[in-house]
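**Q** Sequence below, structure please.
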Amino acid sequence: MTAPSDRPGGAEALPERPSSPPAPRAPAGPANARAGFAPQDHGQDPPAGRPTTGAARRAEPAGPSAPPEAGDEAERAAGLRRMRIIATGLLVLAALVFVSMHVFTDVHGFWGFVAAGAEAAMVGAIADWFAVTALFRHPLGLPIPHTAIIPRKKDVLGESLSTFVALNFLKASTVAPKIRSARVTQRAGQWLLAPDHQDLLVARAGQGLEYVLGRVDDGAIEALTRNVLIPKLVATHKTPVLARLIAEIVEDGAHHRLVDLIVAEAHVWLEANPHVIDEIVAQRSPEWMPRFVNDTLSNRLRREVLGWVAAVRDSREHKARQALDRWLLELSGALAQDTSIARRTEGVLDDLLREEGVVHSVLDIWGSLKRLLRSAVLEDGGEVHARIRSLLDDVAVRMTSDEAFADRLNDQLATAAGDLAESFGAEIASVISDTIASWDAREAAEKIELYVGKDLQYIRINGTVIGALVGIVIHAFTLLLPA
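**A** All right, here's what the predicted structure looks like:
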């Protein structure tokens, strides 16, 4: 009697992979390695020739070694083959023992127990072989009903597995404690303390900003300003906002510096241009007025004007300044209500916004801002980079040394992750069902068998052993029965 084969269509039917050993995998480190944060050296020098930063690792030339997934699958396939050989070998051994007992013995006494055990072992082995094989394919290629369960039901199994994961794992009560216990804030702070990591982060941020600036078209900015921003501003009632702004400026005294500048420049200009007042006096005086009288009058008028301007300049409590404050407050009150001044101001502002120069001004400002941002990003040793590194260093120190801050941030991250898992658990878990649905039926069976088939072969082994024991017990029981 020949042992039934696990083929066709099984993992053994797959083409043999190269016999080279699988690519070595990195030793399992602490959980922070899985989270993407490199463990700290704590003062130890890195091994010679090993890059210490992510950038250096990326700079390594790609070697010919196989990816970890390929090595892992090869190792699993080899383990599955070994367990199949063992399980099938036990079946062959039971068959040989059974045949030997019937050929070379009279199957009585002790040999009867051996023959009965071998016979039951064959039955158990074949039955369990059929059960295990029926999960993944038709046994012996025969289309027996209720076999090849996984290829036929892979989509249903995928949906069930997806629902199971969403209902039992992607819940706030399971995700939040795991995120909280991971101490993400402290580990991120440790990673961020390394100067190389700060440089890498700043470089990536600069590349991201450069990418965004390069993708923003000036034509889009112009269209946005012309077709969206300006119409919105024109349609908006602006005088109440302007009234509030003027009132806030007067209350804070923010306009005093502007008044100081205007009055100071006016004083300097009047001192540098005394002939202006002389010309005004000469134009307004009668022709018969003697010249010395005009000179005396213009000199006196010049001194009075310069003195008044100097008094306004030097005194924040001058009556002229107070009068300006009162006028600005009255203007603010008039603009806040539906008055003629408010309506005229609204019309003037709308006319200004509709001017073509507004669009050009926005484009000029955008161009200047882009040049400023690009220069700041490209200047590696500039002030902007130094400020960002200083900020990152301060944040990293606080993340690692301030336990209250770190715990609070960890709680916020855990709560956010739990809420996301609770809200989008079904969508996240649907990756399982969608991926399985995209597999070919045979591919799905082979992949699943590759990961669980090795353990399922123990069912065959156990079936062989348990069958032999049951056969011996049954044989003993039949001997005890009366003839």
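**Q** And the longest helix seen in the chain, what's buried?
**A** For the chain, the longest helix by residue count, based on DSSP state H, is helix 441-480. Neighbour counts over helix 441-480 (16 or more other Cβ atoms under 10 Å) mark 442, 444-450, 453-454, 456-457, 460-461, 463-465, 467-468, 470-472, 475 as buried. From N, CA and C alone the C-beta is placed, and that goes for glycine too.
**Q** Same check on stretch 154-174?
**A** Of all the residues in stretch 154-174, those buried under the rule 16+ other Cβ under 10 Å are K154, L157, G158, E159, S162, T163, V165, A166, L170, A172.
**Q** how much space between the fifth one and N168?
**A** In this structure, S162 lies at 11 Å from N168, with Cβ to Cβ, to the nearest Å as the measure.
**Q** now do the third one
**A** Computed as Cβ to Cβ, the G158 to N168 distance reads 16 Å.
**Q** hmm, back to that, give me the subset of the buried residues of stretch 154-174 that lies in helices.
**A** Counting by DSSP H, those place K154, L157, G158, E159, S162, T163, V165, A166, A172 in helices.
**Q** Next up, the contacts around the nearest residue to the last one once chain neighbours are set aside.
**A** Taking Cβ to Cβ, 6 or more residues apart in numbering as the measure, A172 lies nearest to G418, with 3.3 Å between them; neighbours along the chain are not counted. G418 sits next to K171, A172, S173, V175, A176, I179 when contact means Cβ atoms under 8 Å, 6 or more residues apart in numbering.
**Q** could you redo the last one with a cut-off of 10 Å?
**A** Applying Cβ atoms under 10 Å, 6 or more residues apart in numbering to G418 gives the contacts L170, K171, A172, S173, T174, V175, A176, P177, K178, I179, R180.
**Q** do L353 as well
**A** L229, I230, P231, K232, L233, V234, T236, K238, V359.
**Q** Give me the pLDDT for it.
**A** With respect to pLDDT, L353 scores 84.
**Q** how about the nearest residue to Q457, chain neighbours excluded?
**A** Excluding its sequence neighbours, the residue lying closest to Q457 (Cβ to Cβ, 6+ apart) is M83, at 3.6 Å.
**Q** Surely the one you found touches N462?
**A** No: when contacts are counted by Cβ atoms under 10 Å, M83 is not listed as touching N462 (12.0 Å).
**Q** Tell me who's in contact with the residue of the chain most remote from its centre.
**A** Distance from the C-alpha centroid of the chain peaks at W288, with 88.5 Å (Cα atoms, centre = their mean). Listed by Cβ under 10 Å, 6+ apart, the contact set of W288 is empty.
**Q** Against D278, how distant is it?
**A** According to Cβ to Cβ, W288 and D278 sit 18 Å apart.
**Q** Y458 now?
**A** The gap separating Y458 from D278 is 115 Å, by Cβ to Cβ.
**Q** can you check L372 too?
**A** Noted for L372: a distance of 48 Å to D278, by Cβ to Cβ.
**Q** Counting neighbours around each, name which of those two comes out higher.
**A** Neighbours were counted for L372 and for D278 using other Cβ atoms under 10 Å; D278 has more, 17 against 11.
**Q** Is it correct that that one is in contact with L301?
**A** Yes: the pair D278 and L301 passes the contact test of Cβ under 10 Å, sitting 9.3 Å apart.
**Q** Which residue, other than its chain neighbours, is closest to G189?
**A** M399 is the one closest to G189 (Cβ to Cβ, 6+ apart), at 2.9 Å.
**Q** Assign a three-state SS to that neighbour, would you?
**A** helix (DSSP: H, G, I helix; E, B strand; the rest coil).
**Q** show me what contacts A396?
**A** A188, G189, Q190, W191, L192, L193, A194, H197, Q198.
**Q** Name the nearest residue to it, sequence neighbours excluded.
**A** Distances taken as Cβ to Cβ, 6+ apart put L192 closest to A396, at 3.8 Å, once the chain neighbours are dropped.
**Q** In which helix or strand does L352 reside?
**A** Assigned by DSSP states H and E, L352 belongs to helix 340-354.
**Q** which residues touch the next helix or strand after that helix?
**A** Sequence order places helix 356-378 as the next helix or strand after helix 340-354, per DSSP H and E. For helix 356-378, contacts defined as Cβ under 10 Å, 6+ apart pick out 202-203, 205-210, 212-214, 216, 218-219, 221-226, 229-230, 233, 352-353, 355, 382-385, 387-388.
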